[in-house]
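[1] sequence and predicted model, in that order:
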Amino acid sequence: MLKRTFLLLAVFATVMTGATAATASPPLPSSIAGIGDSITRATDVCCWYGDHPAQSWSTGGGSFDGIRSHYERVRALNPSIQGRNYNDARAGARMRDGQAQAQTAVTQGARYVTILLGANDVCTASPSTMTSVDDFRAQFLATMNVLAAGLPPGSHVFVSSIPNVYRLWALFRNNAVAQFVWSVAQICQAMLSPANTEQDRQAVLAREQAFNDVLAAVCSRYAICRFDDYAVFNYVFSAGQVSMLDFFHPSLAGQAALASVTWQHSWWVTPS
């Protein structure tokens, strides 16, 4: 009986050790690349128009901006990543541009890649010009295939869901300045045009939800990939977290929130 008890304890210990190993965080990366669009470029984040990559939620390294990017969080624990933060995102990029950006990240030998793409596939000139779900799926698959085949062994990929553009409209629907800026700059007219009906806006929201489902499903096919479980899409951002330059991109506070929300669903979860 005693021998049997020891055997059961040994089996239990082995199982628990295996479970711990399976759920343990992987080693911290020594380099990071951000794939994406103007959100990852921190466009119009503060103070003047244009890209501000030092304030990016992903690869930013700016000081005293209140943003603890993924790069900065890793660097605090693994200084070897210092200076190896590559922002490969481009303002205006759609998912069709992901494959080329992925190839750039591969060339850089990135050990950690973040992806936030899809907002511009929704935010087109009208609901009729949004990217189709099938095209979006094929383009994301092509992006992931490049990364899976080309990144160094032991690399990891994090995929963010697309922020809720319907919430953006709801926040500023009665703001005359925002309405003026959206109209003059032709920002995300598929959702934000004053001529849209509620049916139009719901169609755009449904397409965005379908895109997020694609991100989740495709990411799940790759052992190197982790999706944010819709955390960014479900995040209830405030007006203060939106740039007052264009009433569209994240402000400094928005980039800080984006960094925090995504990090809590990353490969290395630490206190925010």
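    Here it is on my side, so go on.

[2] so where's the stretch 151-272 of the chain uncertain?
    Applying pLDDT under 70 to the stretch 151-272 of the chain flags residues 270-272.

[3] and the helices in it, which stretches?
    In the stretch 151-272 of the chain, helices defined by DSSP state H, counting those that start in this stretch lie at 165-172, 176-185, 189-192, 198-219, 231-234, 252-263, listed in chain order.

[4] and these: which comes nearest Arg68?
    The closest approach between Arg68 and any of those, judged by Cβ to Cβ, belongs to helix 252-263 at 5.7 Å. The way it works is simple: take the backbone N, C-alpha and C, and place the C-beta from them, glycine included.

[5] got a list of contacts for that closest one?
    By Cβ atoms under 8 Å, 6 or more residues apart in numbering, the residues outside helix 252-263 that reach it are 39, 42, 45-46, 55-58, 60, 65-70, 73, 114, 158, 160, 163, 228, 231-232, 235, 237, 240-243, 250, 269-270, 272.

[6] list the buried residues for it?
    Taking 16 or more other Cβ atoms under 10 Å as the basis for neighbour counts, the residues of helix 252-263 that come out buried are 252-259, 261-263.

[7] looking at the residues you listed, which one is closest to Arg173?
    Nearest to Arg173 among those, with distances taken as Cβ to Cβ, is Gly254, at 18.4 Å.

[8] from Gly150, how far off is the closest one?
    32 Å (Cβ to Cβ, to the nearest Å).

[9] and what of Ser38?
    To Gly150, Ser38 is 25 Å away according to Cβ to Cβ.

[10] more neighbours: which of those two?
    Ser38 (22 against 15; other Cβ atoms under 10 Å).

[11] on the three-state scheme, the closest residue to that one other than its chain neighbours is what?
    If the residues on either side of it in the chain are set aside, Ser38 comes closest to Ala91, at 3.8 Å by Cβ to Cβ, 6 or more residues apart in numbering. Assigned by DSSP: H, G, I helix; E, B strand; the rest coil, the conformation of Ala91 is coil.

[12] show me what contacts Asn212?
    For Asn212, the contact set (Cβ under 8 Å, 6+ apart) comprises 118, 161-162, 230, 233.
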